[in-house]
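1. sequence unknown, structure follows:
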């Protein structure tokens, strides 16, 4: 029996579907500001589906993004609200062993490595985000990172909290084995050596891309994880824009997604879940398959 951390899926797209509001540049944060009951309900649904690691709904609540929208003063209140809603969801469902993950996302916008600054320039902001989350979470996920500088700065800031920190990168949709920045995955793995993270992962890439590139992570040893998206493409997303132009793949059914994820587990991944367009039904099917294969689902190691 192998212990597998099963995290939740993509809360942002799930919230957009449930909300009465049009998509906003702050994405799921705007829903949390105006309709927080939807955020708690999504957390509850992922817990009931079998996820034991639930991520704070704070992906777009970075100082840079909030300043761009003219509300920098909301940084700490939104982080606190995200933590409160996860705790309420855990209490409401009443399932034991559910853990909370903090989130260190791209500071400026997803899939835009051209806007990435140096490690030293990024580190203070990542430290700010990590510090405000540290007392409310069990682990930290540094996720959807598109460049080596993002990955190393987030890894350092997370590790400095003393919490288990998992660093997850997003790859190009072609066969190049490169981050969105064009830097190679092998270069990124080299740069992360000795950074103090608890594990390295791939996320918010197509499941086919994750499957092709996961062996490179496994070959390095240590804890490896994976959670893919189910977008047709990400080219339409612009900084300051909305997710309205991003479309889901119709072929990534719960069964198909679970097939991919079980393949990642067979390849050596011990932390799996879902990203954008992977909902509670996908996680429920993956949970069922993990248990049927004799694995033990946990929230942290």
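-> Happy to help now that I have it. It should be emphasised that the depicted structure is a prediction, and the values quoted were computed from it without experimental measurement.
2. start and end of stretch 274-288, how far apart?
-> By C-alpha to C-alpha, to the nearest Å, the extent of stretch 274-288 from end to end equals 15 Å.
3. buried stuff in that stretch?
-> For stretch 274-288, the neighbour count (16 or more other C-beta atoms under 10 Å) marks 274-280, 282-287 as buried. Bear in mind the C-beta positions are built from the backbone N, C-alpha and C, glycine included.
4. columns secondary structure and distance to residue 16 on top of those residues, output as CSV?
-> Output for these, formatted as CSV (DSSP: H, G, I helix; E, B strand; the rest coil; distance: C-beta to C-beta, whole Å):
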residue, secondary structure, distance to residue 16
274, coil, 15
275, coil, 14
276, coil, 10
277, coil, 10
278, coil, 14
279, coil, 11
280, helix, 15
282, helix, 16
283, helix, 18
284, helix, 20
285, helix, 22
286, helix, 22
287, helix, 24
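5. tell me which of those residues is nearest to residue 200?
-> Taking C-beta to C-beta as the measure, residue 200 lies nearest residue 275 of these, at 15.8 Å.
6. strands along the stretch 51-200 of the chain, start to end?
-> In the stretch 51-200 of the chain, the strands defined using DSSP state E, counting those that start in this stretch lie at 53-55, 99-104, 139-145, 165-169, 199-203.
7. would you turn these into JSON lines with mean neighbour count?
-> Shown next, in JSON lines, are those (neighbours: other C-beta atoms under 10 Å):
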{"stretch": "strand 53-55", "mean neighbour count": "26"}
{"stretch": "strand 99-104", "mean neighbour count": "24"}
{"stretch": "strand 139-145", "mean neighbour count": "27"}
{"stretch": "strand 165-169", "mean neighbour count": "27"}
{"stretch": "strand 199-203", "mean neighbour count": "25"}
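8. for residue 133, which of the ones you listed is the nearest?
-> strand 99-104 (3.8 Å).
9. quick one: list the elements packing against the lowest-mean-pLDDT helix or strand in the chain.
-> The helix or strand of the chain with the poorest confidence is helix 11-18; it has a mean of 85 (mean pLDDT, DSSP states H and E). The contact analysis (3 or more C-beta pairs under 8 Å, 6 or more residues apart in numbering; DSSP states H and E) places helix 11-18 against helix 28-34, helix 36-49.
10. pull out the buried residues from it.
-> Those would be 11, 12, 13, 14, 15, 16, for helix 11-18 by 16+ other C-beta under 10 Å.
11. tell me the contacts of the first one?
-> Pointing back at residue 11 there. Residue 11 sits next to 28, 39, 42, 43, 46, 55, 57 when contact means C-beta atoms under 8 Å, 6 or more residues apart in numbering.
12. for the second one, same thing?
-> Listed by C-beta under 8 Å, 6+ apart, the contact set of residue 12 reads 27, 28, 59, 243, 276.
13. pull the number of nearby residues for the first one.
-> By that I understand residue 27. Around residue 27 there are 22 other residues, counting by other C-beta atoms under 10 Å.
14. ok, residue 192 to residue 54 distance?
-> To residue 54, residue 192 is 25 Å away according to C-beta to C-beta, to the nearest Å.
15. over to residue 35?
-> 18 Å.
16. pretty sure residue 298 is in contact with residue 52, am I right?
-> Yes: under the contact definition of C-beta atoms under 8 Å, residue 298 touches residue 52, with a separation of 5.7 Å.
17. looking at the two, which is more packed in?
-> A count of neighbours by other C-beta under 10 Å puts residue 52 above the other of residue 298 and residue 52, at 23 against 16.
18. so where is the stretch 1-150 of the chain shaky, pLDDT-wise?
-> For the stretch 1-150 of the chain, residues meeting the criterion pLDDT under 70 lie at 24.
19. quick one: the strands in the stretch 201-301 of the chain, in order.
-> Counting by DSSP E, counting those that start in this stretch, the strands of the stretch 201-301 of the chain are 223-227, 271-272, 296-298.
20. in a markdown table, list these along with distance to residue 165 and mean pLDDT.
-> Listed next are these as a markdown table, based on distance: least, C-beta to C-beta, whole Å; pLDDT from 0 to 100:
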| stretch | distance to residue 165 | mean pLDDT |
| --- | --- | --- |
| strand 223-227 | 11 | 98 |
| strand 271-272 | 12 | 98 |
| strand 296-298 | 17 | 98 |
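21. having no further points to raise, I will conclude here.
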